[in-house]
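Enquirer: When you get a sec, could you give me coordinates for this:
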Amino acid sequence: MNQNATLGTNRTGIAAAPQRSQEMLTGMDEFPPTSQGSAEDIAQVRIAYAQQAEPLGSVPPPANVKGTVQTTVKAVMGEKPMLLMDKLGERLAFERTGTRLYEALVSKYDAFGSFAGGPSRGDLEHVRQEEYRHFTMLQSAIEQLGGDPTAVTPSANLHATAAYGINQVIVDPRTTLLQSLEAILMAELADNGGWEALVELAQGAGKDELVKQFEHARMTEQEHLEKVQAWLASGQGRARNGGGDGQR
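Expert: Purely as a prediction, here's the structure:
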């Protein structure tokens, strides 16, 4: 499959059939909507649902905290450590997703090969392995703080939903490796921002040893981002200094 966009038989645009498009517009005047409503009405429905909805969840208490009363947990952990645990759960979920995304990219490579300046299979496998190492490191960090790495925290829930569309793009059999890299770029940008926040939260909580581990992971994720950006630039003809050898 060609990695780049090609001129073909796409007739989805209205300009492909000007006469029929005009007939369609005329039909809108002849058959107006059968019910009243506006964008503001839709907004009011969203507001009502939001006000009645349950929160995404809560941060579970450490294993050494008895009971689940929120005030008790805050008294034991404090506000910052609770937020740190929430964000640890977020990054854990995101790194697990990242590992699976790169597994899917390897499959995409096996299906279509690469392109000039694009990643080799080894490049993709290397990033996948680093994502997995970050996952196991976060799992250990949560356990060290007395948390449960299997718990879905509110931020983990949020980011799992946000990453769903990225996964759908990459596993779509119609997308090329180059198109899939555009999707992974969004994940890498979010991942970098998440690690920066986690470093700051660990610093605020006085977890110096974790700060070192998180800072190292942040630097690695920055490398991932730069590689993906270089691969994309090469694939789109914007540069010829990609991060991979482009072997098929």
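Enquirer: distance of E221 from E215?
Expert: Computed with C-beta to C-beta, to the nearest Å, the distance linking E221 and E215 is 11 Å. The way it works is simple: take the backbone N, C-alpha and C, and place the C-beta from them, glycine included.
Enquirer: Comparing those two, which shows the higher neighbour count?
Expert: When E221 and E215 are compared on other C-beta atoms under 10 Å, the one with more neighbours turns out to be E221, at 24 against 16.
Enquirer: just checking, the more buried one touches A187?
Expert: No: contact criterion C-beta atoms under 8 Å: E221 and A187 do not qualify, at 10.2 Å.
Enquirer: pull the longest helix from the protein.
Expert: Criterion DSSP state H: the longest helix present in the chain is helix 79-112.
Enquirer: Tell me which residues of that helix come out buried.
Expert: Of the residues in helix 79-112, those scored as buried under the neighbour-count criterion (16 or more other C-beta atoms under 10 Å) are 81-109, 112.
Enquirer: where do the helices sit along this protein?
Expert: Applying DSSP H to the chain gives helices spanning 18-30, 39-52, 70-77, 79-112, 121-144, 154-162, 164-171, 177-204, 208-235.
Enquirer: Tell me which of these is the most buried.
Expert: Mean neighbour count (mean count of other C-beta atoms under 10 Å) peaks for helix 79-112 among these, with a mean of 21.
Enquirer: can I get the helices of the chain in CSV with distance to N10?
Expert: Formatted as CSV, the entries for those read as follows, by distance: least, C-beta to C-beta, whole Å:
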stretch, distance to N10
helix 18-30, 16
helix 39-52, 30
helix 70-77, 54
helix 79-112, 20
helix 121-144, 30
helix 154-162, 29
helix 164-171, 19
helix 177-204, 15
helix 208-235, 21
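Enquirer: Just tell me which of the ones you listed ends up closest to T6.
Expert: Taking C-beta to C-beta, helix 177-204 is the member of the helices of the chain nearest to T6, at 12.3 Å.
Enquirer: pLDDT on the closest one, on average?
Expert: Within the predicted structure, the mean pLDDT of helix 177-204 is 96.
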